[in-house]
Structures are given as structure tokens and as C-alpha cells.
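> Let's see this in three dimensions:
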Amino acid sequence: WNDFNVYIMELIRFVLQNQYFIFDNKIYRQIKGCGSGQPLNHLLANIYMFYWQQDQLRIIINHDNEIEPRGLSFISNHPLLMYSTLIQACLMRAALIRSKVSDFHNERHDVQIVFLNKGYSMNFIKEHVEQLFQDFHIFNWKSNLNQNTYNKMREEIIEYDQQHQEMKIKQQ
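Coordinates of the predicted model:
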């Protein structure tokens with residue numbers, strides 16, 4: 001496997017060092033990164049995510065207390081549905097960036113506190129938290145959400161997010 005890894009790294013290095021593009025009828029060599037939309041980008045992102053999910057990379061989320069409590073406001077002309085999707089979007093984001101169920105619970109708790117502090121009712125918050133878990137096939141999550149069920153839910157959320165991103169790209 002060591003030789004294989006070395007060859008893969010050499011191949012990636014070769015590809016990254018030999019990327020060219022045409023702009024204004026001139027040929028340029030790209031010296032940093034990878035051209036957007038290139039298949040190699042997706043591969044490298046998947047490799048990064050694989051190691052991140054194996055807990056070999058840790059991400060620390062810094063919550064800025066000067067910004068976040070003011071980031072939501074219940075007084076608005078937006079329909080109520082928008083608020084429910086906002087709660088669910090916050091929780092899905094937490095699942096996308098947290099590989100451990102305990103870290104996810106901490107993020108979920110923080111999200112609930114932010115919404116409570118902005119005047120959302122606890123019943124409203126609980127209803128939409130429950131709905132997210134049901135949407136991803138976790139029923140009675142308070143007693144059934146262990147690391148294994150969380151991993152399955154997380155896989156579904158990652159797949160959903162990827163499909164959503166692909167749809168956005170197609171619409172552009």
C-alpha cells in the first residue's frame with residue numbers, strides 16, 4: 001500500500017503542476033489549486049471528507065456571541081415555514097460538520113438556545129427538531145440516537161446535501 005500511496009500522490013502532484021487554461025487567446029499555467037469543475041476537485045474533496053469523517057481531522061467551531069444571538073429575528077414578514085426550514089438547516093449544517101453524536105447534540109443545544117433567545121417558543125423549536133429527525137428516519141431520537149444511528153442519519157444528510165448542491169449547479 002505504501003508504494004500505491006506514493007504513486008497516487010505523484011500522480012496528483014503531476015496533474016496539479018500541469019494544469020493549463022486559455023484566457024484572452026493566451027495560454028496560462030495554473031499554479032495554485034485546481035480548476036473549478038474539474039473531476040479532481042471532487043476526488044480531493046472526497047478524500048478530505050473521508051479523513052475528516054475518520055476523526056483524523058478536527059474542526060473547532062467558534063461561535064461569536066456578539067453576532068449569533070442577533071443573527072435571528074422572529075419579527076419579520078417571512079412566512080412561518082421559513083423559520084422551520086431555518087431551524088432544520090442549522091441542524092443539518094451541524095450534522096454535516098460534526099462526526100460525533102455528542103458534538104452534534106452540543107450544536108443542537110446551541111441552536112435551540114439561539115432560537116429561544118430570539119423569542120421562538122420551545123414547542124415551535126421542538127416540533128421542527130422532531131421533524132428533522134423524522135425526515136431522516138430517526139424516531140424517538142432522545143432514546144434511539146446513538147453513534148450508529150447518527151452515522152446513518154448523517155450519511156442521509158450528506159447525500160441529501162450533495163443532491164441539493166448538484167441541483168443548484170444544474171439550475172445555474
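
> Neighbours of Asn117, how many?
Neighbour count for Asn117, taken as other C-beta atoms under 10 Å: 12. In short, each C-beta sits where N, CA and C put it, glycine included.

> Buried residues of the lowest-mean-pLDDT helix or strand in the chain, list them for me.
When the helices and strands of the chain are scored by mean pLDDT, DSSP states H and E, helix 39-53 comes last with a mean of 72. Judged by neighbour count (16 or more other C-beta atoms under 10 Å), helix 39-53 contains no buried residues.

> Could you identify the helix or strand that succeeds it?
helix 80-97 (DSSP states H and E).

> After that following helix, which helix or strand is next?
From helix 80-97 onward toward the C-terminus, using DSSP H and E, the following helix or strand is helix 101-117.

> Show me what that following helix is packed up against.
Taking 3 or more C-beta pairs under 8 Å, 6 or more residues apart in numbering; DSSP states H and E as contact, the helices and strands that helix 101-117 lies on are helix 80-97, helix 122-135, helix 147-171.

> Of those helices, which is nearest Leu11?
Leu11 sits nearest to helix 147-171 of all the helices and strands packed on helix 101-117, at 24.9 Å, using C-beta to C-beta.

> how far off helix 39-53 does that closest one point, in degrees?
160 degrees (axes from the mean of the first three to the mean of the last three C-alpha atoms, to 10 degrees).
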